[in-house]
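> next comes the sequence, and after it the predicted model I'd like to discuss.
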Amino acid sequence: MFSTIIEQVINGIVTGSVYAIVAVGMTMIFGVLRAINFAHGEYYMLGTFGAWFAIDYLGLSYEASIVVAVLSTTVVAYVVGQLVMRRMVGAPAESGVLATLGIALILQNTVIFVFGGGYKFFAGGYIEPVSILGFSLAQQRIIILVVCLLVFIGLELMVTYSRLGMAMRAVSQNIQCCGVVGIDVPQVVLRTFVLGAALASLSGVLTAPVNVSVYGGMGELITFKTLPIIIMGGLGNVRGTFYAAMILGIAESLVATYIGLQFRDTVGFATLILMLMWRPHGLFSTQARF
Amino acid sequence: MSLTDTAPQARRRDLRIPLAAVLIVVALAAPLIGTRYVTHSLIIALIFMLPAHGLNLLVGYTGLLSLAQAAFFGIGAYTAGLLAVHLNTPFYVNLIAAGLVSGAIALPLGIPALRLRSTSFVMCTLGFVIIGQAISKNWISLTRGDMGLSGIPKPYFELGPLSFAISGTTSFYYLALAVCVIGTLIAWALVRSPAGRNMVAIRENETLAESLGVPTWRYKLIVFMLSAAFAGVGGCLYAHYLTVVSPLTFQMYYSTTMLIIVLGGGAGMISGTVLGSLLFVGLTEALRVAPELRMIAYGFCLLVLVFWFKKGLAPLINRFWNAIGGSK
Amino acid sequence: MTSHLPILDIQNLSKFYGAVRAVNDVSMHVNRGEIAGLIGPNGSGKSTFFDCTTGLAQPSAGKVVLDGQDITGWSLNRIAREGRMLRSFQNTVTFKALDVEENLIIAGQMFTFPSLASTFGLGRLSRSRINGLRERARELIKMAGLWDVRHQQAGNLSGGQQKLIQFASMLMPEPKIILLDEPMAGINPKIIERVVETIQYANKSLGVSFLVIEHNIDVVTSICQRVVVLDQGSKLVEGLPQDIIQDQRVREAYLGG
């Protein structure tokens, strides 16, 4: 009994890591653009498809497929960023919702149009289980955990010390002043967006061996999982997003085991609404910003 | 002022009343001229028109972006469906009940939600849709879960000894048209009333409105409930037209559809929403020529709407309406 | 019967944000028909004091009495609607997308309609009330010198004109007292004259009392009958304007002593 709980918590942390890598990009984009990116999960899907394509069609190894996936998603994100996201600076909230939904439809259905709508089998990755302290865990899950930690350490360093990180903080603090001090806001938005999309695709490739199946509609599900996370984490808050993703991952895993699998996908929004009633400003923020 | 204004120069004729007359005739004759398929499409437009009116009150007039419309649409559809299947109540009872139940449920949901700031509010309202779907899927004893409620009767009326059922597409069109005309008139009356002016004041500057004595919190709650009631009535039409209600009624796609109708037609304009629902259905049908590319093209249409028609069709409608209004 | 009492009496008002005492035990009053001034260096707590008085923020301690009625804890909209105490803002000025006349009509609506439910009416009574408001709005628009622009969007007008719209709006409900937060900030001298005239007209002809936060010391000395000085959240001194500007303590406070 007790060991099952521990096992479910560990599984939850792995799921949480997957969500965290996707959500952190979404929350950073919100920070600079003040828009919810409803297309964010689609970059996760693109990453998975890129890797699947590299393995199945090009015959590459899993490691090489990661590079192909992230690079190809980065190119797509750069185009979308140049054509759409840059121009959304200062647009009203409803425009943001419609524009990003439009992008989600285009990306998702283009992939379905090219590769078909059916489920595909993902062959790569390290699915051999290893035993740690009496718990068996697939190698791939350990990789996910390690990558997640590295990503967040890297992001913390980047946000604190790099030029882009400082510009990002400046834009999310006060967008009006940035023009005055010579920060190119659309450029910061573009770079943040491409970085966020690349992280989402990385998350997609890393999860693919665990999920095994690959299909066009998978991005939408991830978008809906990450939306509550970024609100709970306090929009624009990198560290808060990490904790919120972990909480949600663990909660989902426990709910699926002890209450019912059919409730798993509702956990996020149910938790979100309860939390908003309890603390309207987010779990990790003392004042309301958005 | 215009009564005493007898300028000698030749005037263009005011074509607004003739145009309105033509539109009424077209609306009434549509099922007789068009094919059954056209009538069906128009019914879909009419079903979405009322929830869109409700959303327009919220987004266009009061300035609150909500994605909860599909939740209230679903609640209305299930209310009507359950009443019709279990209690065999007549259509007009279901219609009123759907509006009342949706509006009433909006009260406990609106009280916590409306305290949230913009983005949190949007996400919270989206949450209502997701949770609504989960409830409709899992409360099997009431909703029959994924199987959905089937066998909802077509509307019928009892007037004294007379009773007649609305079974055909054409007769349902007239029923939906009548409901929509009444709904549109109610929406129009709401925004023309002093309360409508207060809604606009809240949209423009909530703190200023508050400082001029407008109880903004109560207005927001009332408008949230009204918009839910509109959505519920639309859900009732939906249930009685399709005769089936499933958990798929609760989907974000419907909320965004209603948002597209409102923004595409022009937020903050009743005529914009009417036109928006026709336009939306027209667009969806036009895209059927290339079924594989349909959703991709639809995505591009959204981007065009956001970047090139920021105010929707409203400016065009206004210009046209003034142009045919005759010279002064 | 209560005419000898002050129209607005603020007793021992305090506002704390954590350990910060933004306003500390300030008492002051405004007499019926008086134009009182509130001055003090930046950050002295004037705006917080205003917010707590008008219900935009809730005071941590103290009492606000308006025309003999305790209004402590009332919300901003209730104080405006039921107390007829109106306030202006430094930044938010007008409903920018609406025309001047609509701006004024909105300002009067909640005072003409007896209940929230009655604002949803469209009948003859509702129309006649709105027509009454429109007439009053037009009179005030004339008085404020905005007649020629009355059908223009408020947001398209100059900052000074928008200030005048705000003044006219606050006169719509026949207020007992108006609190002005830096009415002269950022407007040109010509409009300043207009605003001064409007304040004096409202004070003399309509019997409205005023409490004015203002940095322009010439304006303060010319319109205010009595001035209260705040410094670091506390009341420093109170007196006639000409005495205040001579006061050594006030000078020190302003020079950052």
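Nice, thanks for sending it over. What you see is a predicted model; the values in this text were computed from it and never measured.

> which parts of the stretch 151-300 of chain B sit against chain A?
B:256, B:259, B:260, B:263, B:267, B:292, B:293, B:295, B:296, B:298, B:299, B:300 (C-beta under 8 Å from any C-beta of the partner chain). Quick note: C-beta positions are derived from backbone N, CA and C, even for glycine.

> so which of those residues are in helices?
Using DSSP state H, the members of these that fall in helices are B:256, B:259, B:260, B:263, B:295, B:296, B:298, B:299, B:300.

> pLDDT (mean, whole number) over the helix or strand harbouring residue B:136?
Counting by DSSP states H and E, the element that carries residue B:136 is helix B:118-138. Helix B:118-138 shows a mean pLDDT of 89.

> pull the CA atoms of it into PDB?
Coordinates of each C-alpha in helix B:118-138 appear next as PDB, following Å, rounded to 0.1, in the frame of the first residue of the first chain:
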ATOM      1  CA  SER B 118      -8.600  39.200 -16.400                       C
ATOM      2  CA  THR B 119      -6.400  36.200 -17.300                       C
ATOM      3  CA  SER B 120      -7.400  34.200 -14.300                       C
ATOM      4  CA  PHE B 121     -11.000  34.900 -15.100                       C
ATOM      5  CA  VAL B 122     -10.600  33.600 -18.600                       C
ATOM      6  CA  MET B 123      -9.000  30.400 -17.300                       C
ATOM      7  CA  CYS B 124     -11.600  29.900 -14.600                       C
ATOM      8  CA  THR B 125     -14.400  30.200 -17.100                       C
ATOM      9  CA  LEU B 126     -12.600  27.700 -19.400                       C
ATOM     10  CA  GLY B 127     -12.400  25.500 -16.300                       C
ATOM     11  CA  PHE B 128     -16.200  25.500 -16.000                       C
ATOM     12  CA  VAL B 129     -16.500  24.000 -19.500                       C
ATOM     13  CA  ILE B 130     -13.900  21.300 -18.700                       C
ATOM     14  CA  ILE B 131     -15.600  20.400 -15.400                       C
ATOM     15  CA  GLY B 132     -19.000  20.600 -17.000                       C
ATOM     16  CA  GLN B 133     -17.900  18.000 -19.500                       C
ATOM     17  CA  ALA B 134     -16.400  15.800 -16.800                       C
ATOM     18  CA  ILE B 135     -19.700  15.900 -14.800                       C
ATOM     19  CA  SER B 136     -21.800  15.100 -17.800                       C
ATOM     20  CA  LYS B 137     -19.500  12.200 -18.600                       C
ATOM     21  CA  ASN B 138     -19.400  10.700 -15.100                       C
END
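
> and it, is it in reach of chain A?
Yes: counting by C-beta under 8 Å from any C-beta, contacts between helix B:118-138 and chain A involve B:118-120, B:122-124, B:126-128, B:130-131, B:134, B:137-138.

> now the element after that helix, going C-ward?
helix B:140-143.

> for that following helix, buried residues please.
Within helix B:140-143, the residues that count as buried by 16 or more other C-beta atoms under 10 Å in any protein chain shown are residue B:143.

> chain center to it, what's the gap?
28 Å (C-alpha atoms, centre = their mean, to the nearest Å).

> contact partners of it?
B:78, B:82, B:135, B:136, B:137, B:149, B:247 (C-beta atoms under 8 Å, 6 or more residues apart in numbering or on different chains).

> got the confidence number for residue A:190?
Model confidence at residue A:190, expressed as pLDDT, equals 90.

> apologies, that question was intended for residue B:222.
With respect to pLDDT, residue B:222 has a value of 95.

> tell me the contacts of it?
B:195, C:116 are the contacts of residue B:222 under C-beta under 8 Å, 6+ apart.

> measure it to chain A for me?
21 Å (C-beta to the nearest C-beta, to the nearest Å).

> which SS state does that residue fall under?
Three-state call for residue B:222 (DSSP: H, G, I helix; E, B strand; the rest coil): helix.

> before we move on, what SS does residue C:161 have?
helix.

> was I right about it contacting residue C:148?
No: the criterion here is C-beta atoms under 8 Å, and residue C:161 misses it with residue C:148 at 10.5 Å.

> more neighbours, those two?
Between residue C:161 and residue C:148, counting by other C-beta atoms under 10 Å in any protein chain shown, residue C:161 is the more crowded of the two (22 against 9).

> can you pull the contacts of the more buried one?
By C-beta under 8 Å, 6+ apart, residue C:161 lies in contact with C:146, C:149, C:191.

> pLDDT on stretch C:46-66, on average?
Mean predicted confidence for stretch C:46-66 is 90.

> I appreciate the help and will end here.
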